[in-house]
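Enquirer: just the structure for this:
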Amino acid sequence: MTQSKTDNQIGTRPIVLIGMMGAGKSSLGARLAAELALPFLDADAEIEKAAAMSIAEIFEKHGETAFRDGERRVIKRLLGEGPMVLALGGGAFIDDEVRALVHEKAISIWLDVPLNELVRRVKKKPNKRPLLKGQNIEARLTELMHQRGPIYQQATLKVDVGGSSHEAAIERLVDALRTYNAAPDNV
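Expert: Residues are numbered from 1 along each chain as shown. Next up, the predicted model:
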């Protein structure tokens, strides 16, 4: 990719990836961070580290409310650590406090993927997703998309990353960041 004069603006603030489970926040986040020469952190991995247990165990032992409380604290800490690419769990941006922190301290990007593709991706690892345990995956993802989609729309940027290679998705993400950073109000 060729550099532009606005590239020096990319990565001066955290870049936060949001979206549904299966959208590629972790896999694309790591690749985007490498492309931008920034550190990559996955909020779910950081939560697991802080709690010394898996997300599934947190949900099982303490419930979703306790998980969301811990998630909020970890994200607040991470957003204070400077420029990085940060992947949030699918429900994190739904929280009013998390969303306000992200708007204040970061550039958020909604990784949008068509529902049928999300279903296909998530079916590969259903046990990794506590919110899908014992659920009809397609029905539950449809419900979550209807609940979360309007809130995801509040992200700084929306990039369609469905149906393409990781390389093409990264190119779209970098192009969206360049366009955003080139706008006079954002430089």
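
Enquirer: remind me what the longest helix along the chain packs against, helices and strands.
Expert: Ranked by residue count, the top helix of the chain under DSSP state H comes out as helix 55-79. Helices and strands touching helix 55-79, by 3 or more C-beta pairs under 8 Å, 6 or more residues apart in numbering; DSSP states H and E, are helix 43-51, strand 85-87, helix 96-105. For every residue, glycine as well, the C-beta is placed using N, CA and C.

Enquirer: tell me which of the ones you listed sits most buried.
Expert: strand 85-87 (a mean of 28; mean count of other C-beta atoms under 10 Å).

Enquirer: starting at the chain centroid, how far to that one?
Expert: 6 Å (C-alpha atoms, centre = their mean, to the nearest Å).

Enquirer: any idea of the mean pLDDT in that strand?
Expert: Regarding strand 85-87, the rounded mean pLDDT is 97.

Enquirer: for the helix or strand where residue 26 lies, packing partners?
Expert: Residue 26 belongs to helix 25-36 when assigned by DSSP states H and E. Packed against helix 25-36 by the contact rule (3+ C-beta pairs under 8 Å, 6+ apart) you find strand 15-18, strand 40-42, strand 85-87, helix 166-182.

Enquirer: give me the angle between that helix and helix 166-182.
Expert: Counting by axes from the mean of the first three to the mean of the last three C-alpha atoms, to 10 degrees, helix 25-36 points 70 degrees away from the direction of helix 166-182.

Enquirer: mind checking how far the longest helix of the chain is from the chain centre?
Expert: 15 Å.

Enquirer: ok, now stretch 26-38?
Expert: Worked out by C-alpha atoms, centre = their mean, stretch 26-38 lies 12 Å from the chain centre.

Enquirer: list the contacts of it.
Expert: 1, 10-11, 15, 17, 39-40, 42, 44, 83-87, 111, 161, 166, 169-170, 173-174 (C-beta atoms under 8 Å, 6 or more residues apart in numbering).

Enquirer: filter those to the buried ones?
Expert: 10-11, 15, 17, 40, 42, 44, 83-87, 111, 161, 169-170, 173-174 (16 or more other C-beta atoms under 10 Å).

Enquirer: residue 172 reaches residue 161, doesn't it?
Expert: Yes. Assessed by C-beta atoms under 8 Å, residue 172 is found in contact with residue 161 at 6.6 Å.

Enquirer: could you list the low-confidence segments of the chain?
Expert: 1-9, 11, 124-134, 187 (pLDDT under 70).

Enquirer: let's go with 50 and repeat that
Expert: Along the chain, segments meeting pLDDT under 50 span 1-6.
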